[in-house]
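Colleague: what's the 3D shape of this:
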Amino acid sequence: MAGTTIPTTHRDLLEAPIPVALATIGPTGHPQVTAIWVILDGDTVVTSLTEARQKLKNLRACPQATLFVIDPRNPYRTLEVRADVTIEPDPELSTLVRVLDAYNTDLASFAGPTEDRVAVTLRPTRVVAQG
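Modeller: Predicted coordinates for the structure are as follows:
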């Protein structure tokens, strides 16, 4: 099933604390794929990234991305979200805190960098749900 909204049948894949694959286009034109944590915010997907990462540099150069998630209980049930991306500063780390909370952790135990964080919002342009 394809459309531009995330169907109720597959929203659980973005609400569960499982990593998703984020595909961006790198400087050579090749895709770069990274596992990240995300949260579902209405009909958009939100994550927190740091300025030092290549994936954010890729998104600044080409603000389109694809998320892909596989149901850990059924590998034939998948969700692909192609999206336009917006990037906003997150100096108070509010987006990072929301993402960490969704993955059952907190800022005090987070091992990743907290400097130069931004909120990245993915607005779906095409959604493909399988299984």
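
Colleague: do a quick rundown of the helices in this protein.
Modeller: Along the chain, the segments classed as helices by DSSP state H run 12-15, 54-61, 94-102.

Colleague: let me know the average pLDDT across the shortest one.
Modeller: Model confidence over helix 12-15 averages 96 on the pLDDT scale.

Colleague: how about residues contacting that helix?
Modeller: 6, 20, 38-40, 45, 67, 69, 71, 77, 79, 81, 102 (Cβ atoms under 8 Å, 6 or more residues apart in numbering). Where C-beta positions appear, they are placed from N, C-alpha and C, glycine not excepted.

Colleague: most neighbours, which of these?
Modeller: Using other Cβ atoms under 10 Å as the neighbour criterion, residue 81 leads the contacts of helix 12-15 with 29 neighbours.

Colleague: now it: closest residue in space that isn't a chain neighbour?
Modeller: residue 67 (4.3 Å; Cβ to Cβ, 6 or more residues apart in numbering).
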